[in-house]
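Visitor: Model the structure of this input:
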Amino acid sequence: MTQVDTYEPLFQEDINVGVDVGTKKNPGGGNLVGTQVGIHSFAVGQAKVTQLWDPPEIISLEIAETTVPVIGASIGDFPQASFSLPLQGIQIYAEVTAANVVTVRFFNPTKSVVDLEEGTVSVLVLKSR
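Guide: I've put the predicted structure just below:
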């Protein structure tokens with residue numbers, strides 16, 4: 001079963017929310033200046049989708065993947081993925097691979113076989129401009 005939560009796009013007035021500039025003394029002389037920008041500052045909209053998935057056994061250095069339909073996702077958007085259970089060393093990657101489709105990949109960098117139980121894959125897509 002797939003659950004979809006859609007959020008309204010951010011307005012231009014909100015684009016600077018979370019932006020902050022900081023200055024520190026440089027131990028070698030002068031000042032260091034940095035800008036902290038929340039990732040939401042680049043987003044013009046976002047969509048979150050959850051879906052149940054029971055990944056197959058993933059042997060060492062192999063990948064298991066699933067696709068998650070995310071209405072409005074486009075190539076170039078910023079997808080993020082998470083899983084509801086402990087990952088046992090598995091790394092998660094998300095990529096918008098086609099219009100309205102996010103591919104979530106589980107990579108096993110360990111030296112053992114990892115067999116995750118069924119859990120919930122959550123995908124959040126931040127729209128690029």
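Visitor: Quick check: Val104 vs Trp53, distance?
Guide: 8 Å (Cβ to Cβ, to the nearest Å). Every C-beta, even on glycine, is put in place using the N, C-alpha and C of the backbone.
Visitor: actually Glu62, not the one I typed
Guide: Taken as Cβ to Cβ, the span from Glu62 to Trp53 is 16 Å.
Visitor: Those two: who's more crowded?
Guide: A count of neighbours by other Cβ atoms under 10 Å puts Trp53 above the other of Glu62 and Trp53, at 18 against 13.
Visitor: Pull the number of nearby residues for the nearest residue to Ile92 once chain neighbours are set aside.
Guide: Residue nearest to Ile92 in three dimensions, not counting chain neighbours: Ala81, with 5.0 Å by Cβ to Cβ, 6 or more residues apart in numbering. Burial of Ala81 is recorded as 21 neighbouring residues (other Cβ under 10 Å).
Visitor: what helix or strand is Pro79 on?
Guide: strand 78-83 (DSSP states H and E).
Visitor: Pull out the buried positions in the helix or strand following that strand.
Guide: Note on strand 78-83: by DSSP H and E, the next helix or strand toward the C-terminus is strand 91-98. Buried residues in strand 91-98, defined by neighbour count with 16 or more other Cβ atoms under 10 Å: Ala94, Val96.
Visitor: Okay, angle between strand 91-98 and strand 78-83 too, please.
Guide: Computed by axes from the mean of the first three to the mean of the last three Cα atoms, to 10 degrees, the angle separating strand 91-98 from strand 78-83 equals 140 degrees.
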